[in-house]
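Trainee: structural data only, the sequence is not supplied:
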């Protein structure tokens, strides 16, 4: 069973880099510093170091509170959920429970066509009065 991937690279004390670019919790740059200095700063303020960008030299870390980390993870999850998967089209069809037989047949044909085209189909049935 694979571990659930977190929204951030490394959080806390596990830092594989010697030199880091550190940003404080207000978003201000503190400049480049050695890993030991960053860890000391983290302990003094009671914060956590979170990897933001590792493809740059030196990698960028930010000091964050647990609350900030949680809010950022929620924001990233919402953003991921809101963006539709590429190539997937979702169709939605709703009708009443008192639908006439011929209308139901027409709509089921439409649903079958959408499924053939590999669309995701959402069907909603409303109760009639």
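Mentor: Yep, that arrived. The structure presented is a predicted model; accordingly, all values stated were derived computationally and were not measured. Residues are numbered from 1 along each chain as shown.

Trainee: can you list the strands that the host helix or strand of residue 20 pairs with?
Mentor: Following DSSP states H and E, one finds residue 20 within strand 19-23. The strands beside strand 19-23 in its sheet (DSSP bridges) come out as strand 29-34 (antiparallel), strand 60-64 (parallel).

Trainee: how far off centre is the shortest one?
Mentor: Pointing back at strand 60-64 there. Relative to its parent chain, strand 60-64 has a centroid offset of 19 Å by Cα atoms, centre = their mean, to the nearest Å.

Trainee: how is this structure divided into domains?
Mentor: For the chain, the structural domains run 19-82, 90-126, going by the TED database.

Trainee: most packed of those?
Mentor: Of all the domains of the chain, domain 19-82 carries the top mean neighbour count, a mean of 14, counting by mean count of other Cβ atoms under 10 Å. No exception for glycine: its C-beta is placed from N, CA and C like everyone else's.

Trainee: need the pLDDT of residue 113.
Mentor: Looking at residue 113, its pLDDT stands at 92.

Trainee: same thing with residue 85?
Mentor: On the pLDDT scale, residue 85 is placed at 65.

Trainee: what about the spatially most central residue of the chain, which helix or strand?
Mentor: The structure's the chain has its C-alpha centroid closest to residue 77; by Cα atoms, centre = their mean the separation is 2.6 Å. When elements are assigned from DSSP H and E, residue 77 belongs to helix 66-82.

Trainee: so for that helix, mean pLDDT?
Mentor: Helix 66-82 shows a mean pLDDT of 84.

Trainee: give the other helices and strands that that helix contacts.
Mentor: With contacts taken as 3 or more Cβ pairs under 8 Å, 6 or more residues apart in numbering; DSSP states H and E, helix 66-82 sits against strand 48-53.

Trainee: what ranges of the protein fall below the confidence cut-off?
Mentor: 1-13, 84-87 (pLDDT under 70).

Trainee: contacting residues for residue 93?
Mentor: 107, 110, 111, 121, 122, 123, 124 (Cβ atoms under 8 Å, 6 or more residues apart in numbering).

Trainee: what does residue 15 give?
Mentor: Counting by Cβ under 8 Å, 6+ apart, residue 15 makes contact with 35, 38, 39, 49, 51, 61.
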